[in-house]
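Asker: coords please:
(2 chains)
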Amino acid sequence: MRPRTIGRLGVFVVTVALLGVVVVLSLMVGRQAISPGEVIRALLPGATGDNADIVRGLRLERTVIGLVAGLALGAAGALMQALTRNPLADPGLLGVNAGAAAAVVTGFAFFGVADGFAQTGLGLAGAAVASVVVYLLGSGSREAATPARLALAGTALTAVLFSYINAVAMKDQASFDEMRFWVVGSVVNRGYDRLLIALPLIVVGVLLALAMTPALNALSLGDDSAHALGLGVGRARIAVAVAITLLCGAATAVAGPIVFVGLTVPHVARRLVGADQRKVVPLSMLLAAGFLVFCDTLGRVVSGGAEIQAGIVTAVLGAPVFIALVRRRTLVAA
Amino acid sequence: MITVPVVKAGPWSVRVRRRAVLVSVLLLVAVVAVVVVSLSAGVNSFPIPRVIAAVLGNGTPAEKLIVAELRLPRAVLAVLVGVALGVSGAIFQQITRNPLGSPDVVGFTTGASTGALVVLLVLHGGLVATSFGAVAGGAVTALLVLLLSSRHGVAPLRLVLVGIGAAAMLNSLNSLLIVRAQVYDAQSASVWLVGNVVGGDWSDVRLIGGILGIGLLACVVLWRPLTLSEFSDERSMSLGLPVGRTRVLAIAAGVLLASGAVAVAGPIQFIALTAPQVARRLTGTEGANLTASGLTGALLLLVADLAAREAFQPRQLPVGVLTGIVGGAYLAWLLGREWRKGRA
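Answerer: Numbers count the residues shown, from 1 in each chain, chains lettered A, B, ... in the order given. Sure, this is the predicted structure:
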């Protein structure tokens, strides 16, 4: 093997190791600290006792949900940035997550839809509609959608959707409660049943994403070159868009709207392994899963008593990255 | 070429555009008319002569209570907040030369509401302290966004994007403050965060009135150099304009106005974005028209508040919900239009 290949393999090995550390850490840390050995013992089949109850009953669920939602958001972010050739693409910022949230809140407030299955479906539909709208708005002219346009279109859409969500939330107490759940992304108390419904969609989305990475490499050369390489450009774009919608919709249905994970992580991944989407997409998944679990853990310890929702931590950590990207001269012509 | 009459008084001279003046007068008439309607209409509606009598202090006790003590401060507050937002939007759009440079898009309004929320929920301050918090929050945000977006000068588009990033972060901080607060505080704070003029009383009116006075005074002084900055920086400098200083002062005035509006009414979205744009189309001028923008802002907010109050009876929506939905849709339309013209 060439040294570069070993280096990139090394990146994956280190990432997986870090992911393991973050997961164990997230199970250890909390109001009652548990040692790593105890955590592993608690996870073994047949374990009993207080520690096992805490680890399995309380912490494992949010860690698993954080992993799955993070993985989906990381993949969606990487796909979005590759598809739109837009370094600022992020499912949260582009209003896709807001679309999912708006659909779910509508279903709850007006049609009494409260079960996880229907809510996931609504979340998916909302995400799909929002992403189409943003893309149409962002590429209103004959030219391709530029980064700035998409971000602005996303802002407009997010503003409309959150105003709408607020309006619905004023309807009654139950809707207000439900809205609070959907306005801030979090991985706490989401429930395994919701996860089980979303999981098949995420699996399909991930497989589709991985299958489309060679096509994304071809697309990065420009539509004409991709066409010359024998790629069905239109069909490839649609397949990637389907994967994005599945991943964003399902992640939002599980964890609520989470911003900046899908934006930040693919940039880190590209720094580490270069521009080859066959490596960027899977690495983004692993890094994003770790990042979201880490943010959740951080929100648990950073403020002593009460917790800070993972979605808030990702925004606080992710926004500076966004601003740093915007400041790069290449992105916005001065 | 159309000749524009000029009014001269000592060192001051103002070009008078007939259409702009006419539009401003019509807007003023419309504002007064909507105020009267909003005083008379409602669940208890009163004929207009009775409204005027009540405002002048000659009505029955019921008329005085409903018209003069409940509806009048609310309507006056809507007018003043609308003017503040419209003028502040015009200032920022003029400086950034971009309709998207409005304080509500680039995060200044969000920063002001973060400041206000900190004072309200963490320090439990009163109205005046809250407004100081709002102004401080808005100013700090503006400073940071401007610093972060300047790199060999502030490129308008970069300013807008940095502002979007800052707004996303501040929004989540706002959610954090709300999640952390006591349940009762949290609910009233999240209603406040939507933006409304419902609870407005005379102390709110006095506060925004004072801020508006300072801000408008600054605008009168800065108006002409600001309009001339429509040209490029180089050209403005060659005309002998202190570009940097004018801009800093104008930004300070704009932040003060936007933050003051947030302090009394919460972050009402999109009035600052839409009012100058509508005003520009009405007056047919290229650049900012502060008078028309302010009056348009007042008219938009009044109409929106009247609709939010009466159209969904028996419920009342906060006006911010309405401006958010309508204004966001307008923003989307604006983006589509500008892009088709290849300007943004």
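
Asker: Do you have the helices of the stretch 1-150 of chain A handy? List them.
Answerer: All helices of the stretch 1-150 of chain A, identified by DSSP state H, counting those that start in this stretch, fall at A:3-28, A:36-43, A:50-52, A:60-83, A:96-111, A:116-138, A:147-169.

Asker: among the ones you listed, which is nearest residue A:192?
Answerer: helix A:60-83 (6.3 Å; Cβ to Cβ). Every residue, glycine included, has its C-beta placed from N, CA and C.

Asker: okay, the angle between that closest one and helix A:3-28?
Answerer: 150 degrees (axes from the mean of the first three to the mean of the last three Cα atoms, to 10 degrees).

Asker: Next, count neighbours for the one residue in the stretch 51-200 of chain A that gets nearest to chain B.
Answerer: The nearest approach of the stretch 51-200 of chain A to chain B comes at residue A:163, 2.6 Å away (Cβ to the nearest Cβ). Residues near residue A:163, counting by other Cβ atoms under 10 Å in any protein chain shown, number 26.

Asker: Kindly tell me how buried the closest residue to it other than its chain neighbours is, as a neighbour count.
Answerer: Of all residues not flanking residue A:163 in the chain, residue B:324 sits nearest, at 2.6 Å (Cβ to Cβ, 6 or more residues apart in numbering or on different chains). Using other Cβ under 10 Å, residue B:324 has 28 other residues around it.

Asker: From what I see, residue B:324 and residue A:166 are in contact.
Answerer: Yes - look at residue B:324 against residue A:166 with Cβ atoms under 8 Å: they come within range, at 7.2 Å.

Asker: what do these two both touch?
Answerer: Any residue near both residue B:324 and residue A:166 by Cβ atoms under 8 Å, 6 or more residues apart in numbering or on different chains counts here, and that gives residue B:194.

Asker: Which helix runs longest in the chain?
Answerer: If you meant another chain, say so; for now it's chain A. Determined from DSSP state H, the single longest helix within chain A is helix A:192-219.

Asker: oops, I was thinking of chain B
Answerer: Max-length helix for chain B by DSSP H is helix B:202-228.

Asker: Quick check: buried residues in that one?
Answerer: B:204-205, B:207-209, B:211-212, B:215-216, B:218-219, B:222-223, B:225-228 (16 or more other Cβ atoms under 10 Å in any protein chain shown).

Asker: So, low pLDDT: which residues of the stretch 151-300 of chain B?
Answerer: B:151-154, B:183, B:227-244, B:286-288 (pLDDT under 70).

Asker: got it, and the stretch 51-200 of chain A?
Answerer: By pLDDT under 70, the low-scoring segments of the stretch 51-200 of chain A are A:138-148, A:170-183.

Asker: Could I get the full set of strands for the stretch 101-250 of chain B?
Answerer: For the stretch 101-250 of chain B, no strands turn up when DSSP state E, counting those that start in this stretch is the criterion.

Asker: what residues does it put near chain A?
Answerer: When proximity is defined by Cβ under 8 Å from any Cβ of the partner chain, the stretch 101-250 of chain B lies next to chain A at B:105, B:148-149, B:151-153, B:155, B:157-158, B:160-162, B:164-169, B:171-173, B:175-176, B:179-180, B:187, B:190-191, B:194.

Asker: Most tightly packed of the helices of the stretch 1-150 of chain A?
Answerer: Stretch with highest mean neighbour count among the helices of the stretch 1-150 of chain A: helix A:60-83 (a mean of 27; mean count of other Cβ atoms under 10 Å in any protein chain shown).

Asker: so the helix or strand residue A:265 falls within versus helix A:60-83, what angle?
Answerer: Element membership for residue A:265 (DSSP states H and E) is helix A:261-273. Angle, helix A:261-273 to helix A:60-83, by the same axes, to 10 degrees: 70 degrees.

Asker: could you point out which element follows helix A:261-273?
Answerer: Downstream of helix A:261-273, the next assigned helix or strand under DSSP H and E is helix A:277-301.

Asker: So which elements touch that following helix?
Answerer: helix A:3-28, helix A:60-83, helix A:192-219, helix A:261-273, helix A:310-327 (3 or more Cβ pairs under 8 Å, 6 or more residues apart in numbering or on different chains; DSSP states H and E).

Asker: what's the spacing between the third one and its chain's center?
Answerer: Read that as helix A:192-219. Put simply, helix A:192-219 sits 12 Å off its chain's centre (Cα atoms, centre = their mean, to the nearest Å).

Asker: If you count neighbours, what's buried in whichever helix or strand comes after it?
Answerer: With elements assigned by DSSP H and E, the helix or strand that comes after helix A:192-219 is helix A:223-228. Residues of helix A:223-228 classed as buried: residue A:226 (neighbour count, 16+ other Cβ under 10 Å).

Asker: Report the angle between the helix or strand just after helix A:223-228 and helix A:96-111.
Answerer: Sequence order places helix A:233-255 as the next helix or strand after helix A:223-228, per DSSP H and E. If you take the same axes, to 10 degrees, helix A:233-255 sits at 60 degrees to helix A:96-111.

Asker: average pLDDT across helix A:233-255?
Answerer: The pLDDT scores in helix A:233-255 average 84.

Asker: for it, packing partners?
Answerer: Using 3+ Cβ pairs under 8 Å, 6+ apart as the contact test, the elements touching helix A:233-255 are helix A:60-83, helix A:96-111, helix A:116-138, helix A:192-219, helix A:223-228.

Asker: quick one, the third one and helix A:192-219 angle?
Answerer: This points to helix A:116-138. Going by the same axes, to 10 degrees, helix A:116-138 makes 30 degrees with helix A:192-219.

Asker: now the helix or strand hosting the residue nearest to residue A:163: how far from the chain's centre is it?
Answerer: Following DSSP H and E, one finds residue B:324 within helix B:319-340. Relative to its chain's centre, helix B:319-340 lies at 16 Å (Cα atoms, centre = their mean).

Asker: buried residues in it?
Answerer: The neighbour-count check on helix B:319-340 (16+ other Cβ under 10 Å) flags B:319-332, B:334-336, B:338-339 as buried.

Asker: in what helix or strand does the residue nearest the centre of chain B lie?
Answerer: Nearest to the mean C-alpha position of chain B, counting by Cα atoms, centre = their mean, stands residue B:85 at 0.8 Å. Assigned by DSSP H and E, residue B:85 belongs to helix B:72-96.

Asker: and that helix with helix B:202-228, angle?
Answerer: Using the same axes, to 10 degrees: helix B:72-96 against helix B:202-228 is 20 degrees.

Asker: Thank you kindly, that will do.
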